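1. sequence first, then the predicted structure:
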Amino acid sequence: MTILNVGSINWDRVLRVPRFPEPGETMQALSVTVGLGGKGLNQTVAIHRAGGAVRQVGAIGAGDHAIGPALAALAIDDTSVVAVENVETGSATIFVDQSGENLIVIDPGANACVPDEAVAAAVAAALPGDWLLFQNETNQSATCARLARNRGMKVAYSAAPFVAGTVVPLLGDVDLLSVNAVELEQLRAALGGTTLPPELALLVTRGSEGAEYIAGGETVAVGAHRVPVVDTTGAGDVFLGAFLAGIDRGEPPRIAMDFANAAAALQVGRPGATDAIPTETEIRRFLAAHAL
């Protein structure tokens, strides 16, 4: 099967700082790096490196001559990525402190201009039973979920950045909802006591506390591996991507959760986002050496 990911593509500018600056404070960075990122692309690369079949759908700035070779170097299927005129490729400015925590500010750029026809064509080429994955970093959330449902696809929704007015109306079109602990509380507040659809599976990542998968009245929980933390950027994206790769190839949720947990542990031990995402071989080697 194939996972179609309608998602953001960013240039990430990462500034490592001794601590986060106070309001009005000017601070010199310890180091600065620039690389590819975005929740969508991070998840695509995580799926691909975890052994899953995935195609990225999205948009970049037509005047960005550096991003084509950079995407090609990732060896992902980017045939449904469209160059859009008069906008820049999306970008994120990321501050990472010495504990590995981060603060992120995003400029959506071309991610807010993904053409309807690009999404429609990609969904039309998918097969019933394939997965569609999407996030809230493009303009296509409602459109792609509806198209995928009509095509008979399974739908996974990474509901971040969390916007209640966007997330709640889409829940009926989603098979798997992925949120972190903060987003889960925001969702509960937005629902105001209303329960989630009973057929909806829920993947909750909780950082250093681990993660849980809730479906059909049963919960599969994993505790996070205790590893040195260098950078938490993209850890949740890697967890979801590796989990979905496992589910798509028919693994039981427990096996997919253990696999994703190992992938996230490797991710936080490295600097950066996309460049730090581990391969399937690395994940399985880590699992063999660090059984919980």
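-> Okay, I see it.
2. surely Asp77 touches Arg55?
-> Yes: here Asp77 reaches Arg55: they are 4.2 Å apart, a contact under CB atoms under 8 Å. The way it works is simple: take the backbone N, C-alpha and C, and place the C-beta from them, glycine included.
3. and these two? Which one has more around it.
-> The neighbour comparison of Asp77 against Arg55 (other CB atoms under 10 Å) goes to Arg55, with 22 against 17.
4. tell me if the more buried one really is in a helix.
-> No: judged by DSSP: H, G, I helix; E, B strand; the rest coil, Arg55 forms no part of a helix; its state is strand.
5. would you check that it makes contact with Ser80?
-> Yes: if you go by CB under 8 Å, Arg55 and Ser80 touch, sitting 5.8 Å apart.
6. what are the buried residues along stretch 5-12?
-> Across stretch 5-12, burial judged by 16 or more other CB atoms under 10 Å covers Asn5, Val6, Gly7, Ser8, Ile9, Asn10, Trp11, Asp12.
7. what about Ser99, how many residues nearby?
-> Ser99: 11 neighbours (other CB under 10 Å).
8. which residues are in contact with it?
-> Taking CB atoms under 8 Å, 6 or more residues apart in numbering, we find Ser99 in contact with Val229.
9. assign it to helix, strand or coil.
-> Applying three-state DSSP: Ser99 is coil.
10. measure it to Ala29 for me?
-> 16 Å (CB to CB, to the nearest Å).
11. quick one: buried residues of the longest helix along the chain?
-> Among the segments of the chain that qualify as a helix by DSSP state H, the longest is helix 253-268. Buried residues in helix 253-268, counted by 16+ other CB under 10 Å: 253, 256-268.
12. go on, stretch 117-133?
-> Applying 16+ other CB under 10 Å to stretch 117-133 flags Ala118, Val119, Ala122, Val123, Ala126, Asp130, Trp131, Leu132, Leu133 as buried.
13. closest one of the residues you listed to Tyr157?
-> Nearest to Tyr157 out of those is Leu133 (CB to CB; 7.8 Å).
14. packing partners of the helix or strand hosting that closest one?
-> Secondary structure assignment for Leu133, by DSSP states H and E: strand 131-135. Counting contacts by 3 or more CB pairs under 8 Å, 6 or more residues apart in numbering; DSSP states H and E, strand 131-135 is packed against strand 3-6, helix 39-49, helix 141-151, strand 154-158, helix 235-248.
15. return the distance of the helix or strand following the first one from the chain's centre.
-> The reference is to strand 3-6. Note on strand 3-6: by DSSP H and E, the next helix or strand toward the C-terminus is strand 10-16. Put simply, strand 10-16 sits 16 Å off its chain's centre (CA atoms, centre = their mean, to the nearest Å).
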